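**Q** Here is a sequence together with a model predicted from it:
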Number of protein chains: 8
Amino acid sequence: MSQFKYNRLDKANVAVLLVDHQTGLTNLVQDFSPDDFKNGVLAMADIAEYFKLPTILTTSFEDGPNGPLVPELKEKFPKAPYIARPGNINAWDNEDFVKAVKATGKKQLLIAGIVTEVCVAFPALSALEEGYEVFVVADASGTFNQTTREAAWLRMQRAGAQMMTWFGVACELHRDWRNDIEGLATLFSNHLPSYRCLMQSYDAGRKAGKR
Amino acid sequence: MSQFKYNRLDKANVAVLLVDHQTGLTNLVQDFSPDDFKNGVLAMADIAEYFKLPTILTTSFEDGPNGPLVPELKEKFPKAPYIARPGNINAWDNEDFVKAVKATGKKQLLIAGIVTEVCVAFPALSALEEGYEVFVVADASGTFNQTTREAAWLRMQRAGAQMMTWFGVACELHRDWRNDIEGLATLFSNHLPSYRCLMQSYDAGRKAGKR
Amino acid sequence: MSQFKYNRLDKANVAVLLVDHQTGLTNLVQDFSPDDFKNGVLAMADIAEYFKLPTILTTSFEDGPNGPLVPELKEKFPKAPYIARPGNINAWDNEDFVKAVKATGKKQLLIAGIVTEVCVAFPALSALEEGYEVFVVADASGTFNQTTREAAWLRMQRAGAQMMTWFGVACELHRDWRNDIEGLATLFSNHLPSYRCLMQSYDAGRKAGKR
Amino acid sequence: MSQFKYNRLDKANVAVLLVDHQTGLTNLVQDFSPDDFKNGVLAMADIAEYFKLPTILTTSFEDGPNGPLVPELKEKFPKAPYIARPGNINAWDNEDFVKAVKATGKKQLLIAGIVTEVCVAFPALSALEEGYEVFVVADASGTFNQTTREAAWLRMQRAGAQMMTWFGVACELHRDWRNDIEGLATLFSNHLPSYRCLMQSYDAGRKAGKR
Amino acid sequence: MSQFKYNRLDKANVAVLLVDHQTGLTNLVQDFSPDDFKNGVLAMADIAEYFKLPTILTTSFEDGPNGPLVPELKEKFPKAPYIARPGNINAWDNEDFVKAVKATGKKQLLIAGIVTEVCVAFPALSALEEGYEVFVVADASGTFNQTTREAAWLRMQRAGAQMMTWFGVACELHRDWRNDIEGLATLFSNHLPSYRCLMQSYDAGRKAGKR
Amino acid sequence: MSQFKYNRLDKANVAVLLVDHQTGLTNLVQDFSPDDFKNGVLAMADIAEYFKLPTILTTSFEDGPNGPLVPELKEKFPKAPYIARPGNINAWDNEDFVKAVKATGKKQLLIAGIVTEVCVAFPALSALEEGYEVFVVADASGTFNQTTREAAWLRMQRAGAQMMTWFGVACELHRDWRNDIEGLATLFSNHLPSYRCLMQSYDAGRKAGKR
Amino acid sequence: MSQFKYNRLDKANVAVLLVDHQTGLTNLVQDFSPDDFKNGVLAMADIAEYFKLPTILTTSFEDGPNGPLVPELKEKFPKAPYIARPGNINAWDNEDFVKAVKATGKKQLLIAGIVTEVCVAFPALSALEEGYEVFVVADASGTFNQTTREAAWLRMQRAGAQMMTWFGVACELHRDWRNDIEGLATLFSNHLPSYRCLMQSYDAGRKAGKR
Amino acid sequence: MSQFKYNRLDKANVAVLLVDHQTGLTNLVQDFSPDDFKNGVLAMADIAEYFKLPTILTTSFEDGPNGPLVPELKEKFPKAPYIARPGNINAWDNEDFVKAVKATGKKQLLIAGIVTEVCVAFPALSALEEGYEVFVVADASGTFNQTTREAAWLRMQRAGAQMMTWFGVACELHRDWRNDIEGLATLFSNHLPSYRCLMQSYDAGRKAGKR
């Protein structure tokens, strides 16, 4: 008998935690190119919106050098719980944040943030300890360099977090294209330039066939 | 006493799952050079054919931008179960696919596909949960970039999948050169240019010795 | 005395040639990540629009696998000369294309395209021979891999082309922020995520100072 | 129920082991640039000082080619236990060293040293066996090349060590900015040039706002 | 007036020199993956055949460790001048080789070989001195590592050689798709897996449009 | 209480298995530079000799393209059990080989070979299953490329093998410089050029001090 | 006869131009690690100070997102001409800047800045045109990524600029250690951690020799 | 007519300058792995000896941290002019050195040293100015990192130096294997592990053929 239980991401049971995606902190990220990282963060945000996942925003010292929350996120989630932490580095140390997480009633947490080894790893480890299933959205999370990232991944791997990237998250949540072909295709077209090209080429080819 | 049980790949007990090796999706792969990736996929296919492993082909939306199954695969396995999934992203969510897997009666699954973190990882995790032994053929599986690949590998590693590459698969299945020296050598010659050169140099050297 | 004459990009004397930015060909590009490449191409397009530079679009076999022109370009330059070449690989071999270039009356050419060593290099070399000053927009031009790119750069360098990237092009054309601070800042904000963050952080800091 | 217990770094329960940061050995390190490595080591030292963590220095054959302890460390910890090991390669094989560790009364050990797979890994594995919680400070530990580093990380990961980098260590120890904003900011400003720039930009922006 | 004269590759004026593509020497090449290198060499050979370019084969000590000429080349050019050099390292030092080159009557030489800095660079420099136009086919030429390759490129660049890759060579020779669409497409399909996928996707799309 | 038991390499309890370090197979290795790989293999051999570890040599098809055992190894271990396997790919499938291993009476196995995912991984997994402690000497083991290596490491990591490199092996076996300063220093001087330089600089400095 | 004239850097004839080393712009630099870049900039500044080279500071829009001049530079050169450009992107377009350059009476210019392809390349090209000898301090100049850097280097190379790094600059200016051994050694010790270690090891070795 | 004159390395007209290959300085080199660099230096030394090229050794401050000349070089050239420069950084500034160069009567100079941008580039530029032909042995020359190396190469390229690596040097000097097959093969066998394997495989193959 297998010991492994595949608890897939279930859109009815997932909450999204976006931790410290602030403009200043974004300028510290060097394990992705700025274009790739921006795309990863916005793709994750679009996923949260598309699947109507309860989403919690939090920032650290947003009135200082860390800078304000990236405006695109603020605009996309106008009604989301928004916890501007007065000082806790681990978001899970903030009561309001934990309360907001618990209020969602979800047991699966998608976590992304800046920087990976702190703003992502700390709440990920805290949540794992409390029995949540934790899925790290690796390409919506950035840090100083690749060595730091690799160390952070290993620490989280050891604790039981699952390493994912936004495309896998979208696919595991959607499960079946037939649930909404148009919607998923739009999401991919907006965040996967190479997939967008495939679609455009296909449409052109099909039209050519009709002529 | 050791806890580890080395259940080697056993050609009498292995099925091969080739998931979504479609022409459009192949154009998304950037964690391998196109030459390396093409070689990895065709090598895996040749292995399946050479060892007469039951092989299952499946595609996702092959009438759209994802494109048709790579023609070389279609030609090599004309009688293989071929499941054109109407929408399920995880092939294991498709009853026909699972039925086809079960029909093989095998408990070891070699899985390869595009993209690694979805079309490979999802059925891999599902199969692990159902008690199958899962072997990922890493160089016959491609995705958007190396970061995504690394995250996918860690997730599968955690769940118990075994990471392999096609050369190791062939060797573990064959076990002993004496089972068919000619056949294995041909396989390697066709897919390992550096090994092919070794053979050609050797033949030339031996002939030189005979003169 | 210096032999070098610095003929800067002069917005009154520049034309932009966008060569074969087609959806199929874009899927061949692997010397940039898809996000980075998309951004480079669209940034160059925005520069052409912002500085009102005469822009010429051309495609190769757009009714076949090369695919149609990237739609964003088509939309941005609805009135631009658009030469769908019936077969000439070097755009400069097409009379209509050369006529369109000459009709602009400009002597400085910004060239970008897919793939770098063909669709960029060939017209670049042809234009250099005819006495044009050629500036290659390297990050709006893509090809199969980095080795190919490096060879193409060396060939063009030898012939007298100047290697640039879109940010340098914008700066050399604009010359002085005071010509339009708002406009240039918007351009940068849209295509340099890290610069956008600097601006957002700055605005937040200034507001904090005002409180 | 979760099996994972998140025993965070607790400044009341942590000791720091700096193993063989000697001038000769430093010249062997090639998995980091010299600037990056120097910064990582000195950052870890500043953390130890800032949080007043009991710190133990040890060297191997400091009168030979391995060279003396890096002077900056000697100066920063004038009263720290300093064990110049007469020959033991694994510091944990040295009774005085283990005595010094035990004398701290701490159960969490932050370990850094040169070279990673020996001077860090050996005492890390020894300490794990004795029931300590071990946290490796990966960017204050260096070795011959990246392949060696990766192998060392995997060996320690398997044994239960937690891979961290100095920034994460500082954050996990500090827990809340409000404990001392000034102090933590100074630490970051001294060792994260990009964060220092953020702070300076912010101050300038705020002043601009006040005018 | 421009000083640059763009003497394009002209199929009526080109000869191909394939220097020391021997099985042993191929095993020394490490600046390309074996798959990529094999493809580059065979693509160049197919170009020579397709455009009916006079082609000269030469080897160095093929009865020793350098090994015999790669069999695929021998088979493709059964009637080509074949100079098994008795010892000259620079092929141009061999009278028969130079005679064969001169016998072609061509003034443009495409050169590829193993290793780049010797078997390619030496005859390239010799030919340049004698007034030939030299085009190096960089991805059909291999050597020990990338540093060596880069040095070799710079030396040849300084002497006036033009750095190209096989795809650019094919395009510059063909000039216009209309000269033979089928033929060129087949060439690309055989040696550019990503282009082949584009074609297959396109065909499928067009068929879909027809339904 | 800790669960981890640190069973260090114990020179009284270690055997060394050198698997398929043959001249032909060495030409397939591309995850190390040839200089680095040669050094790793010979360093491991010197360790075996220096610590008088029972060493077992084995080859696969040494009369064919795989080539003979690297001569340096043959010469260093003239009396070692030498199993020229008639066809078994996994050395552990060869009775003579296993007999030779068992005859050593050791329970810790240092394994190195070509290629990593087959000639190392297969006997490593077999030995783990039989209760041996397995230590992979990663830099004396080579394969086709880094992707393959990484997959092989993960598979072995999962099964319980410990990833090491030759320097760590030497240090863990020696334990204390005082056991033989001269001997260990010579080993390092011969295989670590950077350490050799440290020693030479030190000697010069000391002499300078004496003047 | 040689055509090349080696006009070495002559400390009596050199001026240093530090262009736009501002805190905001520094956060855009990703072609160096932040530690390496900070060190390069400060090393160049120390060189200017040590050799008493006339130094000119200039900034672009320092009251906006570009941020203020890096404070360390401001402090080191309190009396240097400081041109806060009101809008000119190319510093050479600013009359005060050019006046300041001319006032130095020097004909050799060391230029460093952010970003390389604009703030360095533009004044470099302008200065070359006016007959100055231009030396680019490549490791005190940063930009968005390596591709951009490489393009900028090629453009400047073509125009006649000489690519250097700070260590070469210091050595070419100093010419002979005997001019001031202590001073140069201090400079190197402060900015080359590996050289600093050599010195410390040497001192220790010499002392050991004296005992 | 061609302008390029291919003045090949002519063993009757070449002198070798080995500049500052000292033990301390070697520890600063990080643009090559230590194994690769050691091999490159010793290969160049063996070439000088094999072709009986007049060789000049020089060091900088060998009684200080730079360390003594690498002993292997001292031993190989016991009678070579040996200039321990009292302080000149550019060896060409030392009269004895230049006298030694002139005394050789050669006009082609092979230069290698540590560090590339200083100890190689400075005398290279000086020698070029005096009309010597300069060939840089790139893989026997090392420096701090790859960026520095690339800048140094470009500076030397601009001045007219030819970039080579030791293998090309040996081949260009030898010209024809028949001049001494044994000798050249030994040189390659000693410094090209992959070529050595080819030879050993070939010998084995030939012997097999004889049986």
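**A** All right, it came through fine.

**Q** Near chain E, which residues of chain A? Just list them.
**A** With C-beta under 8 Å from any C-beta of the partner chain as the criterion, chain A meets chain E at residues A:Leu198, A:Ser201, A:Tyr202, A:Asp203, A:Ala204, A:Gly205, A:Arg206, A:Lys207, A:Ala208, A:Gly209, A:Lys210, A:Arg211. Just so you know, the C-beta spots here come from the backbone N, C-alpha and C atoms, and that holds for glycine as well.

**Q** can you list the domains in chain A?
**A** A:14-175, A:178-211 (automatic domain parsing).

**Q** Poorly predicted segments of chain A, please.
**A** For chain A, the stretches with pLDDT under 70 are A:1-2.

**Q** Tell me where it has strands.
**A** Applying DSSP state E to chain A gives strands spanning A:14-19, A:55-60, A:82-85, A:108-113, A:133-137, A:162-164.

**Q** Format those strands as TSV; extra columns: mean neighbour count and distance to chain H.
**A** Listed next are the strands of chain A as TSV, based on neighbours: other C-beta atoms under 10 Å in any protein chain shown; distance: least, C-beta to the nearest C-beta, whole Å:
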stretch	mean neighbour count	distance to chain H
strand A:14-19	27	34
strand A:55-60	25	34
strand A:82-85	19	40
strand A:108-113	26	32
strand A:133-137	25	32
strand A:162-164	25	30
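
**Q** Looking at these, spot the one closest to chain G.
**A** strand A:55-60 (17.9 Å; C-beta to the nearest C-beta).

**Q** May I have the closest one exported as CSV, CA atoms only?
**A** This file holds the C-alpha atoms of strand A:55-60, laid out as CSV (Å, rounded to 0.1, in the frame of the first residue of the first chain):
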residue,chain,number,x,y,z
THR,A,55,-6.8,36.2,-0.7
ILE,A,56,-5.0,37.9,2.1
LEU,A,57,-2.6,40.7,1.6
THR,A,58,0.0,41.7,4.1
THR,A,59,2.9,44.1,4.2
SER,A,60,5.8,44.9,6.4
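
**Q** Is chain C within reach of that strand?
**A** No: Strand A:55-60 does not reach chain C (C-beta under 8 Å from any C-beta); its nearest approach is 11.2 Å.

**Q** picking up where we left off before, mind checking the strands of chain A for the one nearest to H:Val14?
**A** strand A:162-164 (56.5 Å; C-beta to C-beta).

**Q** Note down every partner strand of that closest one and its orientation.
**A** Neighbouring strands of strand A:162-164 in its sheet, by DSSP bridges, are strand A:133-137 (parallel).

**Q** what angle separates the strand it pairs with from strand A:108-113?
**A** With axes from the mean of the first three to the mean of the last three C-alpha atoms, to 10 degrees applied, the angle from strand A:133-137 to strand A:108-113 works out at 30 degrees.

**Q** still on that earlier bit, comparing the domains of chain A, which comes out most buried?
**A** domain A:14-175 (a mean of 22; mean count of other C-beta atoms under 10 Å in any protein chain shown).

**Q** Quote the end-to-end distance of it.
**A** 14 Å (C-alpha to C-alpha, to the nearest Å).

**Q** wouldn't A:Gly89 be in contact with D:Arg178 here?
**A** Actually, residue A:89 is Ile. It isn't Gly. No: counting by C-beta atoms under 8 Å, A:Ile89 stays clear of D:Arg178, with 10.2 Å between them.

**Q** Looking at the domains of chain A, spot the one closest to F:Val98.
**A** Closest to F:Val98 of these, according to C-beta to C-beta: domain A:14-175, at 34.2 Å.

**Q** Most proximal residue of chain A with respect to chain H?
**A** Closest point on chain A to chain H, by C-beta to the nearest C-beta, is A:Asn145, at 15.3 Å.

**Q** Please name whichever of the domains of chain A is nearest to G:Thr55.
**A** Per C-beta to C-beta, nearest to G:Thr55 of the domains of chain A: domain A:14-175, 27.7 Å.

**Q** Would you state the helices of chain A in chain order?
**A** With helices called from DSSP state H, chain A shows them at A:23-26, A:34-50, A:71-76, A:95-104, A:121-129, A:146-159, A:166-174, A:181-191, A:193-210.

**Q** mind checking which of those helices is nearest chain G?
**A** That would be helix A:34-50 among these, by C-beta to the nearest C-beta, at 7.7 Å.

**Q** rewinding a little: okay if I get the strands of chain A as TSV plus distance to G:Gly131?
**A** TSV is the format used below for the strands of chain A (distance: least, C-beta to C-beta, whole Å):
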stretch	distance to G:Gly131
strand A:14-19	56
strand A:55-60	53
strand A:82-85	57
strand A:108-113	53
strand A:133-137	56
strand A:162-164	58
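
**Q** Many thanks, have a good one.
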